[in-house]
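Participant: Below is the sequence, then the predicted model.
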Amino acid sequence: MADNPKDIAIKPGDFEPLDQQAGPDNERIAAPSLTFGQDVWRRLKSNKTAFTSFIILVLMFLVAFGGQAVYHHDPNAQQPKYANLPPKIKGVDLYGFNGHLKQSGKDVDAYAAAGAGKDVHYVLGTDYLGRDLLARIMYGTRISLEIALIATLIDLTIGVGFGIISGWKGGRVDLFMQRVIEILSSIPQLVVMVLMATAFTKTGMASIIAAIAITGWTTMARLTRAQTLQLKNQDFILAARTLGESAPKIAWKHLLPNLSSVIIIQTMFTIPSAIFFEAFLSYIGIGISSPQASLGTLISDGQKNFQFLPYQMWYPAIVLIVLMLAFNLLGDGMRDAFDPKSKR
């Protein structure tokens, strides 16, 4: 017969404290809680190429829009006596940045030959009219970015609205709206630009923005429509419709937040396309007109003296290349950051 339980005495030494590292607590996941935006930012920062591109773009925006506050040179001021001077940085004795040129195999101080004083120096040299090339590059970069940003904003507004309405309505409305997109997509932007040049008395920012805005929004509209078709049958959308929410309210509160990743990524690819289109138009002479400067006009002017003064073309071309690469690499990085299946 077993002992009576009441006769069993419990002593303090019969028990030992449990090891805190053992048991279920050892398998607990102690990761910080992150919102979707914080997780996207973490993924973007882990992508060194995209984050470096982001920093480069920030610096280029600061120089383009705020550089003249530090570098006080008028980009349109002409000084013919200082025409075609090479780059010169004060205190730097490095060929290519000391104001010297090779003429007939001899090293010549171009600034002394032009009668420039010791305090006269142009960081990136001057053009054929004696205008400061660095000031014109900063001004031209700002013009190119302004055109691209305004055109992209119009693209964003029209494309997102058109795509949401087309995908949400469906049926005959969607069929008609998609035929409109196909018609506009079949018209080359260059043809539209030529028509804008004939419609406007003077080519410039307005005509370029109009040419980009007329046909540039179709890609955004197609992407937005495709995502809207997928989202409108989701449970949370059906629940909102069941509760009696209006279509505009559903689009604002539910569709747009879920479309944000597609919109942002497409925007990052639209901006460099607009920059290149503006540069191309200005290069062939139907874009920005003189005396205004853009990257395209600077490259076109530099090409005329490329054989003897290649820096006049190389510097604006390098700025354009860096802008295009930075925006495209940042767009690739943001696409990976917004993708939850990414391993970054």
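Facilitator: Ah, there it is.
Participant: For the residue lying closest to residue 291 once chain neighbours are set aside, which three-state class applies?
Facilitator: Nearest residue to residue 291, sequence neighbours excluded (CB to CB, 6 or more residues apart in numbering): residue 76, at 4.9 Å. C-betas here are computed from N, CA, C, even on glycine. Following DSSP: H, G, I helix; E, B strand; the rest coil, the label given to residue 76 is coil.
Participant: cool, residue 120 as well?
Facilitator: What three-state DSSP gives for residue 120 is coil.
Participant: List the contacts of it.
Facilitator: 82, 111 (CB atoms under 8 Å, 6 or more residues apart in numbering).
Participant: how much space between residue 98 and residue 83?
Facilitator: Taking CB to CB, to the nearest Å as the measure, residue 98 falls 19 Å from residue 83.
Participant: likewise residue 256?
Facilitator: 53 Å.
Participant: The helix or strand residue 108 falls within pairs with which strands, and in what direction?
Facilitator: Assigned by DSSP states H and E, residue 108 belongs to strand 106-109. As defined by DSSP bridges, the strand partners of strand 106-109 come to strand 100-103 (antiparallel).
Participant: got the buried residues for the partner strand?
Facilitator: Neighbour-count burial for strand 100-103 flags 100, 101 (criterion: 16 or more other CB atoms under 10 Å).
Participant: can I have that strand written out in CSV, keeping just the CAs?
Facilitator: What follows is strand 100-103, C-alpha atoms only, in CSV (Å, rounded to 0.1, in the frame of the first residue of the first chain):
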residue,chain,number,x,y,z
HIS,A,100,46.9,75.7,-69.4
LEU,A,101,46.4,74.4,-72.9
LYS,A,102,48.5,72.6,-75.5
GLN,A,103,48.9,74.7,-78.6
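Participant: so where's the stretch 101-250 of the chain uncertain?
Facilitator: When residues are selected by pLDDT under 70, those of the stretch 101-250 of the chain lie in 197, 200-203.
Participant: who does whatever helix or strand residue 321 lives in touch, helix- and strand-wise?
Facilitator: Secondary structure assignment for residue 321, by DSSP H and E: helix 311-338. Packing partners of helix 311-338 (3 or more CB pairs under 8 Å, 6 or more residues apart in numbering; DSSP states H and E): helix 36-46, helix 48-66, helix 133-169, helix 256-284, helix 295-304.
Participant: Distance to residue 215 for these - can I get that in CSV?
Facilitator: Listed next are the helices and strands packed on helix 311-338 as CSV, based on distance: least, CB to CB, whole Å:
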stretch, distance to residue 215
helix 36-46, 31
helix 48-66, 26
helix 133-169, 10
helix 256-284, 10
helix 295-304, 19
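Participant: Dump those helices to a markdown table, plus mean neighbour count.
Facilitator: Output for those, formatted as a markdown table (neighbours: other CB atoms under 10 Å):
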| stretch | mean neighbour count |
| --- | --- |
| helix 36-46 | 14 |
| helix 48-66 | 16 |
| helix 133-169 | 22 |
| helix 256-284 | 20 |
| helix 295-304 | 22 |
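Participant: and of the ones you listed, who's closest to residue 124?
Facilitator: Smallest distance to residue 124 across the helices and strands packed on helix 311-338 (CB to CB): 4.1 Å, for helix 133-169.
Participant: packing partners for that closest one?
Facilitator: helix 48-66, helix 171-185, helix 205-215, helix 218-231, helix 256-284, helix 295-304, helix 311-338.
Participant: tell me which residues in the strand holding residue 108 are buried?
Facilitator: Under 16+ other CB under 10 Å, strand 106-109 has no buried positions.
Participant: circling back: dump the helices and strands packed on helix 133-169 into TSV; add distance to residue 242 as well.
Facilitator: Output for the helices and strands packed on helix 133-169, formatted as TSV (distance: least, CB to CB, whole Å):
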stretch	distance to residue 242
helix 48-66	41
helix 171-185	21
helix 205-215	38
helix 218-231	16
helix 256-284	18
helix 295-304	53
helix 311-338	29
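Participant: for these, which one sits closest to residue 110?
Facilitator: It's helix 311-338; of the helices and strands packed on helix 133-169, that one is closest to residue 110 (CB to CB) at 12.0 Å.
Participant: For that closest one, what is the distance to the chain centroid?
Facilitator: Distance, stretch centre to chain centre, for helix 311-338: 8 Å (CA atoms, centre = their mean, to the nearest Å).
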